[in-house]
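Undergrad: Sequence first, then the predicted structure:
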Amino acid sequence: MTAFLARYSKRALVIAQIVAVFVIAIAIALIPVVDERSFNLQRITFFLLWYAILASSWNMIGGYAGQTSFGHAAFLGLGAYVTGILWSQLKWNPLMTLPLAGLVAAAYGVIVGIPTLRLRGPYFAIATIGVGEATRLFFVNFDDIFGVTLTKGVTGLSLPSFDPVTVHYATVVVFVAVMLTTMWVRAGRFGLGLFAINMDRDAAETAGVPTARLQVAALALSAFFAASAGSLYAARQQFLDPASMFGFDKSIALVLMPVVGGIGTVWGPVFGAVLYSAVQDQITSIVRNPYLPALIYGVLLILIVMFEPLGIAGLLGRSTKYARALLMPRDGEP
Amino acid sequence: MTTGAPLLVGQAVTRRFGGLIAVNAVDIEVREGEIFGLIGPNGAGKTTLFRLLSGIYRPTSGSITLRGTEIGGRSAHAVNALGIATTHQIVRPFPEMPVEKNVLVGVLYGRSRLRGRAADQEVGRILELTELVPHRDTLGKSLTLARRKRLEVARALATRPDVLLLDEVAAGLNPTESARMVDLIRRVRDSGVAIVMVEHVMKAIMSLSDRIMVMDLGRRIALGTPAEIAKDPAVITAYLGDRAAAS
């Protein structure tokens, strides 16, 4: 009987979360329908979802698999440039190239992951810094290396214009996809294996978990969604340059959001993205000091690491029993 | 249960570490359905042999086969997929996972190929066998040592092995807990899993084993039933010295 109840409430939790994802998605999708001229709100919600997609994608490798990547901007930028080049050169619809950009980044994730994911402790994190910087430099010098004019190096790549409302809808779709994927990973066999690796890689191996394969798969999946965010950015902003796409500060932001929001949880990265885009957007527009958001974020990070390892999800999750089950589930549960 | 056909066979297994020969041309044959004990003084090479059998080490020379398939040089999960499960001498449950999820990892990634409800039922069956049902929701890190050791056995069993390698599962347990572990190991054997165990708790290994192999200085010095081993002069010499064997 208790097993039946446990199963039922588990199911109820999954349904509640799926409903929450769709409520958020539909609400944001309706913004341009309700008010065509709500440009500012559209921009704010685009970046909100965009950061949420990035934070959730990072969470798959950094949270679930416990491998902290400090070079995730490599995948973001790669996706952006795949879309940008195909669009500017071949006039391929940028949103149609989104899956392709994701697959290219996933393949890059496999290539990078096979050697680096063998590393234990902090060495994977250090290696990813190298990967991020090497990828940035590759794109800075891309045209010189191949003797072409595709990326225009540090000056940046201007793209033809594209309807931002279409991008808005596409972003909502990708957000739903990333949330459903992250829930599916967390609740299933794949996620259980990742959590096991995260806790004790040797014990996971002897329990039959193919640790190397699983971690590489997690990195590839994570890279896919990070790159799809890159595609969305290219379509929406219509300008790409290596510093803003591959910059180390972008990689750091991708770590900060899930950590502040609640690492390894489904909703933590979303909370982190909300906070990050709010701090980024609102504080700078009020005080006009470009360094203040970084300072605020730094202080928040220290407080969270010291007092609440599960971040905002942990803070909210301790309020009620239901919130606890919803926001800070134990590992291997949805 | 009568013991059957050869299952896990090592021939002239040798492992060197630099100038040291930790395991020197050892032959070993574990048969289906038996409990095979491995004993010897400290430094005899038991743990090294054990790690060779579990695929953690690759033999310098010689071969180790499970039902004819060479296991040397495979990664730990691949050895597990062949049907050899190991427990760790220092218990390593997944600390932040409840007991049932610990076992579920073994079920989902082991050889049973069970999914969903069938996998949950299998977890229930293993928790019952290992007497962990009351603790199924307890986190791995909150268990007592005796329960951690049983969980270690449960997680290994969950992968549906043909051979279970137990590394000192009775060490550090009090007599009651140790007796319970002995009962568990018997139940596991009766369910059709062959067992190789390294143990310092003599009472446990003498009462459980069908056959015991004694190692000293990297070599096999005796092999036989517990009664034969206890009388063997070479064994007495290895443990107690020459004069004890002579008297």
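TA: Received, thanks.
Undergrad: Just read off the phi/psi values of the residue lying closest to residue B:104 once chain neighbours are set aside.
TA: Of all residues not flanking residue B:104 in the chain, residue B:123 sits nearest, at 5.3 Å (Cβ to Cβ, 6 or more residues apart in numbering or on different chains). From N, CA and C alone the C-beta is placed, and that goes for glycine too. Main-chain torsions, residue B:123, degrees, to the nearest 10: phi -60, psi -50.
Undergrad: Just list what the lengthiest helix in chain B packs against, helices and strands only.
TA: The longest helix of chain B (DSSP state H) is helix B:175-190. Counting contacts by 3 or more Cβ pairs under 8 Å, 6 or more residues apart in numbering or on different chains; DSSP states H and E, helix B:175-190 is packed against strand B:35-39, helix B:116-129, helix B:145-157, strand B:194-198, helix B:202-208.
Undergrad: run the last query once more with 10 Å
TA: Judged by 3 or more Cβ pairs under 10 Å, 6 or more residues apart in numbering or on different chains; DSSP states H and E, helix B:175-190 is in contact with strand B:35-39, helix B:116-129, helix B:145-157, strand B:163-167, strand B:194-198, helix B:202-208.
Undergrad: Export only the CA atoms of the longest one, formatted as CSV.
TA: Just to be clear, that refers to helix B:116-129. Output of helix B:116-129 as CSV, limited to C-alpha atoms (Å, rounded to 0.1, in the frame of the first residue of the first chain):
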residue,chain,number,x,y,z
GLY,B,116,10.1,-0.1,-14.5
ARG,B,117,7.8,-2.1,-12.2
ALA,B,118,9.7,-5.4,-12.7
ALA,B,119,12.9,-3.6,-11.6
ASP,B,120,11.2,-2.3,-8.5
GLN,B,121,10.0,-5.9,-7.7
GLU,B,122,13.5,-7.2,-8.1
VAL,B,123,14.8,-4.5,-5.7
GLY,B,124,12.1,-5.7,-3.2
ARG,B,125,13.3,-9.3,-3.6
ILE,B,126,16.9,-8.4,-3.0
LEU,B,127,16.1,-6.2,0.0
GLU,B,128,14.2,-9.1,1.5
LEU,B,129,17.1,-11.5,0.9
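Undergrad: Flag the shaky bits of chain A, pLDDT-wise.
TA: Applying pLDDT under 70 to chain A flags the ranges A:1-8, A:322, A:328-334.
Undergrad: Show me which residues of the stretch 151-300 of chain A are close to chain B?
TA: A:188-190, A:192-193, A:195-214, A:264 (Cβ under 10 Å from any Cβ of the partner chain).
Undergrad: Give me the buried subset of these.
TA: Among those, the ones that count as buried by 16 or more other Cβ atoms under 10 Å in any protein chain shown are A:189-190, A:192-193, A:195-201, A:203-212, A:214, A:264.
Undergrad: ok, residue A:38 to residue A:274 distance?
TA: Going from residue A:38 to residue A:274 by Cβ to Cβ, to the nearest Å gives 19 Å.
Undergrad: Okay, residue A:266 and chain B: tell me how far apart.
TA: Remark: distance between residue A:266 and chain B (Cβ to the nearest Cβ, to the nearest Å) = 16 Å.
Undergrad: Quickly find the element holding that residue.
TA: Taking DSSP states H and E as the definition, one finds residue A:266 inside no helix or strand.
Undergrad: separation between it and residue A:273?
TA: 13 Å.
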